[in-house]
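>>> what would the 3D arrangement of this be:
(one chain, ligands or ions: 1)
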Amino acid sequence: MSKILIVADHLDGQLNSSTARTVACAAEIGGDIDILVLADNAGPIAEAAAGLDGVSRVLTVERAENAHPLAAIYAPQIAAAAAQGEYSHVLGPNTTFGKDLMPRVAAKLGVAMVTDIAAVHGPHEFERPIYAGNAVNTVKAPDGQTLVASVRCASYGAVGAGGSAAVEALSLDAELPGHTRFVELQASSSDRPDLQTAGKVVSGGRGVGSEENFKVIYDFADKIGAAVGASRAAVDAGYVPNDMQVGQTGKIISPELYMCFGISGAIQHLAGIKDAGTIVAINKDEEAPIFEVADFGLVGDLFKVLPDLEQAVGK
Ligand code: FAD
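Numbering: from 1, shown residues only. The predicted model follows:
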């Protein structure tokens with residue numbers, strides 16, 4: 001039977017929902033599921049992790065060096081925990097956090113890694129998207145060694161929070177490197193929902209035309225309680241910061257509702273919204289490829305359509 005260790009993804013004392021999605025993938029693999037929380041104060045994070053359905057144990061490693069999620073500091077501890085607990089699988093989310101961290105864990109353990117698990121065929125056989133989501137690759141990982149993998153969170157819903165796993169402090173013998181230290185975190189702060197986990201996302205593309213014009217996108221998003229995303233063209237043109245980019249080289253998201261304004265629908269953009277529930281596209285070009293994937297399409301000038309939409313939502 002598999003023995004699975006999941007690395008908790010957290011920030012500012014809060015467990016990211018990507019962890020609950022990773023647990024859903026682990027449940028498909030089957031076996032015992034433990035969650036490892038590395039933090040300076042693990043309390044509230046461990047409590048949230050212990051509540052996730054299907055989790056057997058939450059293991060905490062509290063030390064000052066774990067105050068910030070530095071991959072170079074976390075990786076040797078995760079590798080030590082994996083070896084000490086003789087885990088068959090070590091899973092993390094394919095968020096920015098997991099993409100940075102999990103390959104280092106694999107390197108520390110001296111094993112290969114499977115990235116972006118989107119479906120499970122068996123404990124060592126998985127589906128993962130390739131070519132910007134245009135093809136699906138089935139990979140078989142070698143048996144008999146610890147499997148390190150990242151989970152494509154957009155492909156999994158979060159498990160429920162009705163569990164009550166035991167929380168245990170773990171003592172590890174791991175040497176931490178001295179070459180990497182936390183200096184500062186520069187992140188845009190926003191009262192809007194988080195782009196990667198929001199249920200509704202409103203995105204703007206090159207068609208929005210300027211940074212100033214993006215105000216109409218923000219205003220509409222605020223009206224319906226949505227997060228704001230953008231195409232790479234909008235990011236490259238400097239209309240919005242790059243952490244808002246959706247797509248192959250941006251964020252992969254799976255909101256229930258995705259509304260995009262002035263976005264043509266390039267395959268690299270579509271790669272980021274493949275798992276969205278309902279896609280609504282507003283574009284003035286009726287030939288735009290986005291209409292091929294949209295559930296609802298409106299051909300029109302976004303600057304004329306948006307005020308009407310706002311009014312309709314207001315009613
Ligand atoms: P455009 O393709 O220029 O489309 C603008 C659209 O706005 C047009 O369809 C136009 O009809 C419409 N429009 C203009 N004015 C209005 C108006 N007033 N009202 C309504 N509609 C209007 N792109 C991403 O988005 N995410 C990625 O992660 C990404 N990764 C990439 C990775 C690689 C390796 C490469 C090569 C490209 C990547 N791209 C990515 C870029 C991608 O190929 C496209 O260039 C980009 O998505 C285009 O953005 P856009 O749709 O905003 O712009």
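
>>> per-residue pLDDT, the closest residue to Arg63 other than its chain neighbours?
Nearest residue to Arg63 in three dimensions, chain neighbours excluded: Asp40, at 6.7 Å (CB to CB, 6 or more residues apart in numbering). All C-beta atoms are positioned from the backbone trio N, CA, C, and that covers glycine. At Asp40, the model reports a pLDDT of 97.

>>> now do the contacts for Asp40.
62-64, 66-67 (CB atoms under 8 Å, 6 or more residues apart in numbering).

>>> just Leu185 next, same as before
His68.

>>> please tell me how far it sits from Asn41.
To Asn41, Leu185 is 17 Å away according to CB to CB, to the nearest Å.

>>> ranking the contacts of Asp40 by neighbours, who comes first?
In terms of neighbours by other CB atoms under 10 Å, those top out with Asn66 at 20 neighbours.

>>> wait, is that one part of a helix?
Yes: looking at Asn66 with DSSP: H, G, I helix; E, B strand; the rest coil, it is inside a helix.

>>> what's the closest non-adjacent residue to it?
Leu38 (4.4 Å).

>>> these two touch, right, that neighbour and Ala80?
No: the criterion here is CB atoms under 8 Å, and Leu38 misses it with Ala80 at 11.1 Å.

>>> who has more neighbours, the two?
Leu38 (27 against 18).

>>> got a list of what that one touches?
7-8, 61, 66, 69, 74, 77-78.

>>> let's see it at 7 Å
By CB atoms under 7 Å, 6 or more residues apart in numbering, Leu38 lies in contact with 61, 66, 74, 77.

>>> Asp285: which of those residues is nearest?
The nearest member of the contacts of Leu38 to Asp285, counting by CB to CB, is Tyr74 at 46.2 Å.

>>> secondary structure class for the closest one?
Under three-state DSSP, the three-state class of Tyr74 is helix.

>>> in this structure, which spans are helices?
17-29, 43-50, 71-84, 96-109, 215-224, 232-236, 267-270, 290-293, 302-314 (DSSP state H).

>>> okay, buried residues for the third one please.
Yep, that's helix 71-84 we're talking about. Residues of helix 71-84 classed as buried by neighbour count (16 or more other CB atoms under 10 Å): 71, 73-82.

>>> mind giving me JSON lines with those residues and columns for pLDDT and distance to Leu302?
Shown next, in JSON lines, are the buried residues of helix 71-84 (pLDDT from 0 to 100; distance: CB to CB, whole Å):
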{"residue": "Ala71", "pLDDT": "97", "distance to Leu302": "39"}
{"residue": "Ile73", "pLDDT": "97", "distance to Leu302": "45"}
{"residue": "Tyr74", "pLDDT": "98", "distance to Leu302": "43"}
{"residue": "Ala75", "pLDDT": "98", "distance to Leu302": "44"}
{"residue": "Pro76", "pLDDT": "98", "distance to Leu302": "49"}
{"residue": "Gln77", "pLDDT": "98", "distance to Leu302": "48"}
{"residue": "Ile78", "pLDDT": "98", "distance to Leu302": "45"}
{"residue": "Ala79", "pLDDT": "98", "distance to Leu302": "49"}
{"residue": "Ala80", "pLDDT": "98", "distance to Leu302": "53"}
{"residue": "Ala81", "pLDDT": "98", "distance to Leu302": "50"}
{"residue": "Ala82", "pLDDT": "98", "distance to Leu302": "49"}
